[in-house]
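> Sharing a sequence plus its predicted fold:
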Amino acid sequence: MKEYKIKPLVTGWFHMNWGGLIFPFAEGYHADLPVFMFLIEGEDGEQIIVDGSYTYAPFTMKPIKSPEWEVPTVLKKNGVNPDSIKTVIITHLHHDHTGYLSLFKNASYYIQEKELLEAYYPVGPVAPGYEPKDWMDLVPRFQLINGDFKIRDGIKLIHAPGHTAGLQAISVNTAKGRAIMFSDCCYLYAGLAKRFPMQFFELMNKVTASAKEPVDTSRPEVAETINKIFSSKYGGYFGPSIINPGENMRSMHKLNMMADIVVPGHDPMLVDMKVIPDDYHLEGK
Ligand SMILES: [Zn+2]
């Protein structure tokens, strides 16, 4: 089977108010998350782009930008000429994955049909997660996929709903086994920590026990529990705009079982993994 390398490209960070999105469990809790585009490179030199970073952010996410993270600069530095890219994979249409998709003038875009249909008519609180201006004009070049799809020898798209209805993960064959790119099905490595559900239920109990008044995050026991859940050690199950947490959890466990190498959507640890699998050194999953 053909082998590939995956390069996580940092294109900015978000300073996020998680509390504004997961009320009332983490009101006031802020965390910084990197936003990646990914470059998949084949042994024959083929380059495939995954997702398109952001130009817009809703009020809950404060973008942190620096010239070195500008998308055209990042692509150039990594030897990518946007005009030469023929294939772009869109994991889902959230605004931090679509900002620069239109740079790739000669590309076809591979996306789940379900994702497009949902994004056309987003409902209620998930609507601010989309920026249709980024991609509306590109729809004629969308290749609509229904379910799992082998896009190349060694690369497969896997429908993994939950975060959005049509999120797709990507299975990539590497020299060190099968890498699974989770996208926002799992933000952080810690999202796979087995202990998380118990931590979450403990917090729920604390919150409901004090439900007569708003949760005071300055209370040490609440702050401590929130930190355990959302810190790099435990965080990642929950993110904004998860339309179906239960379904997302099932998708996450399915992908985890398939993976020799785990590539989450927004983990700061990926910043130092310039090339996967070469720089991948995590034990187990
Ligand atoms: Zn997302």
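Noted; the coordinates are in hand.
> And the strands in the stretch 101-250 of the chain, which stretches?
108-112, 142-145, 149-152, 155-159, 168-174, 177-183 (DSSP state E, counting those that start in this stretch).
> where does the stretch 1-150 of the chain come near the ion, residue by residue?
Along the stretch 1-150 of the chain, the residues adjacent to the ion under the rule Cβ under 5 Å from the ion are His94. The way it works is simple: take the backbone N, C-alpha and C, and place the C-beta from them, glycine included.
> Could you list the low-pLDDT ranges of the stretch 1-150 of the chain?
Within the stretch 1-150 of the chain, the stretches falling below the threshold (pLDDT under 70) are 17-30, 59-60, 125.
> which residues touch the residue of the stretch 151-285 of the chain found nearest the ion?
Residue of the stretch 151-285 of the chain nearest the ion, by Cβ to the ion: Asp184 (3.6 Å). With contact taken as Cβ atoms under 8 Å, 6 or more residues apart in numbering, Asp184 is in contact with Thr91, His92, His94, His97, His163, Thr164, Leu167, Gly239, Gly265, His266.
> and it, backbone torsions?
Dihedral angles of Asp184 (phi, psi; degrees, to the nearest 10) stand at phi -80, psi 10.
> Does Met181 have any beta-bridge partners, and if so which?
When assigned by DSSP bridges, Met181 has beta-bridge partners Ile170, Val263.
> pretty sure it contacts Val50?
Yes. Counting by Cβ atoms under 8 Å, Met181 sits close enough to Val50 to count as a contact (6.7 Å).
> More neighbours: which of the two?
The residue with more neighbours, out of Met181 and Val50 and counting by other Cβ atoms under 10 Å, is Met181; that gives 29 against 25.
> Buried residues in stretch 118-129, which are they?
Buried positions in stretch 118-129, judged by neighbour count with 16 or more other Cβ atoms under 10 Å: Glu118, Ala119, Pro122, Val126, Pro128, Gly129.
> just stretch 133-143 next, same as before
Going by 16+ other Cβ under 10 Å, stretch 133-143 has these buried residues: Asp134, Trp135, Leu138, Phe142.
> And for stretch 110-119?
In terms of neighbour count (16+ other Cβ under 10 Å), stretch 110-119 has its buried residues at Tyr110, Ile111, Gln112, Lys114, Glu115, Leu116, Glu118, Ala119.
> Check what contacts that stretch and list those residues.
Surrounding stretch 110-119, the residues in contact under the criterion Cβ under 8 Å, 6+ apart are 87-90, 92-93, 130, 132, 139, 142-147, 149, 151, 157, 159, 161, 164-168.
> Next: stretch 141-160.
Counting contacts by Cβ under 8 Å, 6+ apart, the residues outside stretch 141-160 that touch it are 1-4, 40, 42, 46, 48, 87, 89, 107-114, 116, 166-173, 180, 182-183, 185, 251-252, 254-255, 258.
> Now the buried members of these.
Here the buried ones among those, as counted with 16+ other Cβ under 10 Å, turn out to be 4, 40, 42, 48, 87, 89, 107, 109-112, 114, 116, 166-173, 180, 182-183, 185, 251-252, 255.
> How about the contacts made by the one residue in the stretch 1-150 of the chain that gets nearest to the ion?
Checking the stretch 1-150 of the chain residue by residue against the ion with Cβ to the ion singles out His94 as nearest, at 3.4 Å. For His94, the contact set (Cβ under 8 Å, 6+ apart) comprises Gly129, Tyr130, Thr164, Asp184, Ser241.
> likewise Lys2?
Contact criterion Cβ under 8 Å, 6+ apart gives Gly42, Glu43, Asp44, Arg152, Asp153, Gly154, Asn173 as the residues in contact with Lys2.
> packing partners for the strand or helix carrying Ile48?
Ile48 belongs to strand 47-50 when assigned by DSSP states H and E. Other helices and strands packing on strand 47-50, by 3 or more Cβ pairs under 8 Å, 6 or more residues apart in numbering; DSSP states H and E, are strand 30-42, strand 87-89.
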